[in-house]
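[1] give me the fold of what follows.
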Amino acid sequence: MTKLLQLSSNSPLLGLSSEDLEEFARQEGEQPFRGRQIHEWIYQRGAKSLDSITVLPKKWRDSLENKGINIGRLNEVDRVVAADETLKLLMGTFDGEIIETVGIPTDKRLTVCVSSQIGCPMGCKFCATGKGGLNRSLNVNEIVDQVISVRETMNRRPTHVVFMGMGEPLLNIRNVLDSIECLTNDIGIGQRKITLSTVGIPDTLPDLAKLAKEHLGRVKFTLAVSLHAPNQKLREVIIPSASSYPLTSLLNDCKKYIELTGRRVSFEYILLGGFNDKDIHAEQLANLMRGFQSHVNLIAYNPIAEENFQRPNQARVDSFRELLENMGVAVSVRASRGRDKDAACGQLRRQTIDKININ
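    Here you go, the predicted structure:
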């Protein structure tokens, strides 16, 4: 059974491949080239409604709209642009929810940070998204549209995509993998330019490797695992789910993933001033990385109102990085972007929802 046989009222076309859309046209009694026309207008021209695809016969457009079939684009709710040109978009879904996506430009690249869920169930203490819990997972069209919307708003082709926005991607893994397939084949962003970030769900990383091979053929995207602590005790303080998924088990699953895919794993580490950024923590982290084909990405914390964690100063960040380098760890420091415009993940969305509720 194909995706197409499941189309019904309110079914989106965004997320379907050129071959899917050709078959859709056949099922509708049209020539296959009509499907290719829809594909071009959705993915290259950014059509937001069937009525705007003027190359299609009007009678067929009207028929599709009467059936409730639509492209599946999101509505822009708000946008903010930081001093460094980082873009934050709030997008409205068909059921009245709000999701957040970010466009991060540099001279040579445009990275889109996409959300995979509305809210998040993981409850990490340093994260604004998890404060409101999980509403639902995002559909393929809602994930892919974030990239298209950033492309349109910034008038620039995205080069990289990171699943580091709202939500835990491994709790929406099939839609995430279908989205990666669409971004690769239909938008033209290579798998090697895509990163999937997870805080870790028990027993899922080996399954992710197998599912990714089934969906994508070869696994080329980067897996980024959010450690954020060098020992089990500290990790349980900031990541509630760590109590049921010990650090040793997570790292063993990472090794299995590497064996199955041949791909290096990246480890994310948020530096919380005075909490997990001491010299002893760098030593413990280096010990964890021994024997791994891995890379550590350090991130200075962006404060949120609900927590008292502090951002470390630059000297502490530099010292932590140097300690890791001296112990043979491949390490980089992620530059903070958009700090003057609610930089923490989910922060702008949460503030917007709070204003709506007040009013």
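[2] run a quick neighbour tally on Arg334.
    The tally of other residues near Arg334 (other C-beta atoms under 10 Å) stands at 12. In short, each C-beta sits where N, CA and C put it, glycine included.
[3] which residues touch it?
    Neighbouring residues of Arg334 by C-beta atoms under 8 Å, 6 or more residues apart in numbering: 297-300.
[4] can you rerun that using 6 Å?
    Arg334 sits next to 297, 299 when contact means C-beta atoms under 6 Å, 6 or more residues apart in numbering.
[5] cool, Leu211 as well?
    Taking C-beta under 6 Å, 6+ apart as the definition, Leu211 has no contacts.
[6] does it sit in a helix or strand, and which one?
    Using DSSP states H and E, Leu211 sits in helix 205-216.
[7] before we move on, what about Glu76?
    Going by DSSP H and E, Glu76 is in strand 75-81.
[8] who's in contact with that strand?
    By C-beta under 6 Å, 6+ apart, strand 75-81 touches 87-90, 92, 98, 341.
[9] and it, C-alpha only, in CSV?
    What follows is strand 75-81 as a C-alpha-only set of coordinates in CSV (Å, rounded to 0.1, in the frame of the first residue of the first chain):
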residue,chain,number,x,y,z
ASN,A,75,0.5,29.6,8.3
GLU,A,76,3.0,32.1,9.6
VAL,A,77,2.0,33.4,13.1
ASP,A,78,5.0,35.5,13.9
ARG,A,79,8.6,36.1,13.0
VAL,A,80,11.5,37.8,14.7
VAL,A,81,15.0,38.5,13.3
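[10] now that strand: how far from the chain's centre is it?
    Centroid displacement of strand 75-81 relative to its chain, using C-alpha atoms, centre = their mean, to the nearest Å, is 18 Å.
[11] now do the buried residues in that strand.
    Val77 (16 or more other C-beta atoms under 10 Å).
[12] again with stretch 283-299
    Those would be 285-286, 288-289, 292, 294-299, for stretch 283-299 by 16+ other C-beta under 10 Å.
[13] contact partners for the residue nearest the centre of the chain?
    Nearest to the geometric centre of the chain sits Phe163, at 1.8 Å (C-alpha atoms, centre = their mean). By C-beta under 6 Å, 6+ apart, the contact set of Phe163 is 114, 116, 169, 196-197.
[14] any idea how far Arg26 is from it?
    33 Å (C-beta to C-beta, to the nearest Å).
[15] okay, buried residues for the helix holding Leu211 please.
    Neighbour counts over helix 205-216 (16+ other C-beta under 10 Å) mark 205-206, 208-209, 211-212, 216 as buried.
[16] against Arg34, how distant is the nearest residue to Gly72 once chain neighbours are set aside?
    Once flanking residues are discounted, Gly72 sits nearest to Pro12: 2.3 Å by C-beta to C-beta, 6 or more residues apart in numbering. Computed as C-beta to C-beta, the Pro12 to Arg34 distance reads 17 Å.
[17] same question for Met154.
    The gap separating Met154 from Arg34 is 31 Å, by C-beta to C-beta.
[18] repeat for Pro312
    Separation of Pro312 from Arg34 (C-beta to C-beta) stands at 57 Å.
[19] ok, Thr184 next?
    According to C-beta to C-beta, Thr184 and Arg34 sit 24 Å apart.
[20] the stretch 51-200 of the chain: helices as residue ranges?
    Ranges of helices in the stretch 51-200 of the chain, per DSSP state H, counting those that start in this stretch, are 58-66, 140-154, 173-182.
[21] okay, the ones you listed in TSV with mean pLDDT next?
    TSV is the format used below for the helices of the stretch 51-200 of the chain (pLDDT from 0 to 100):
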stretch	mean pLDDT
helix 58-66	94
helix 140-154	98
helix 173-182	97
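[22] adding mean neighbour count and distance to Leu251, write these out as CSV.
    Listed next are the helices of the stretch 51-200 of the chain as CSV, based on neighbours: other C-beta atoms under 10 Å; distance: least, C-beta to C-beta, whole Å:
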stretch, mean neighbour count, distance to Leu251
helix 58-66, 13, 50
helix 140-154, 23, 28
helix 173-182, 22, 20
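[23] same list (the ones you listed) but as CSV, adding distance to Leu260.
    Listed next are these as CSV, based on distance: least, C-beta to C-beta, whole Å:
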stretch, distance to Leu260
helix 58-66, 42
helix 140-154, 24
helix 173-182, 15
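[24] can you tell me which of these is nearest to Gly130?
    Closest to Gly130 of the helices of the stretch 51-200 of the chain, according to C-beta to C-beta: helix 173-182, at 18.0 Å.
[25] contacting residues around that closest one?
    Helix 173-182 is contacted by residues 15, 116, 140, 143-144, 169, 194, 212, 215-216 when judged by C-beta under 6 Å, 6+ apart.
[26] which of the residues you listed sits closest to Ala335?
    Lowest distance from Ala335 to those (C-beta to C-beta) belongs to Ile194, with 19.7 Å.
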